[in-house]
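[1] Dropping a prediction and its sequence here:
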Amino acid sequence: MGSKCCKGGPDEDAVERQRQRKLLLAQLHHRKRVKAAGKIQAWWRGVLVRRTLLVAALRAWMIQCWWRTLVQRRIHQRQQALLRVYVIQEQAVVKLQSCIRMWQCRQCYRQMCNSLRLFQVPESSLAFQTDSFLQVQYAIPLKQPEFHIEILSI
């Protein structure tokens with residue numbers, strides 16, 4: 001019996017060593033799998049974080065675009081309002097200038113007409129007869145003063 005014990009011992013030791021070796025290999029394999037799973041999980045978390053950041057950045061970009069559009073629209077509306085006011089003021093100035101110029105023309109025309117009346121000789125003093133059949137009249141032809149008005153538009 002003693003010999004079997006000795007013979008069984010090395011076999012049992014070899015079996016035990018092989019079992020230990022298999023256990024170490026299984027543990028090593030398990031560690032590698034856990035490590036690989038950790039790497040995959042870290043990669044996936046990174047993908048999710050990058051995706052979340054991308055979505056947040058796109059939303060921020062959309063808000064910025066909307067805000068810039070709103071600001072540009074307000075600026076354009078202000079410019080249009082200022083332009084309308086400017087055009088109305090310019091039209092009023094042009095209308096006022098044309099009224100003043102027309103008034104000045106009328107004043108000048110009246111003044112010329114009044115001065116021509118002063119120089120006109122009454123018709124009764126120019127009409128005379130040399131004999132009963134011949135009557136000669138001298139008259140000053142009245143010419144209207146000529147005005148050349150040039151309308152300039154801006």
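    Thanks, I have it. This structure is a prediction, so every number in the text was calculated from the model and none was measured.

[2] Quick check, pLDDT for the spatially most central residue of the chain.
    In the chain, the centroid-proximal residue (Cα atoms, centre = their mean) is residue 72; its distance is 4.3 Å. pLDDT for residue 72: 97.

[3] Next up, identify which helix or strand it is on.
    helix 2-119 (DSSP states H and E).

[4] What is that helix packed up against?
    Using 3 or more Cβ pairs under 8 Å, 6 or more residues apart in numbering; DSSP states H and E as the contact test, no helix or strand touches helix 2-119. All C-beta spots, glycine's among them, are computed from the backbone N, C-alpha and C.

[5] how about low-confidence regions in the protein?
    For the chain, the stretches with pLDDT under 70 are 1-10, 119-154.

[6] let's see 90
    Applying pLDDT under 90 to the chain flags residues 1-18, 108, 110-154.

[7] Not counting stretch 56-66 itself, show me its contacts.
    Outside stretch 56-66, not one residue touches it by Cβ atoms under 8 Å, 6 or more residues apart in numbering.

[8] quick one: that stretch to chain centroid distance?
    19 Å (Cα atoms, centre = their mean, to the nearest Å).

[9] Over to stretch 15-24?
    79 Å.
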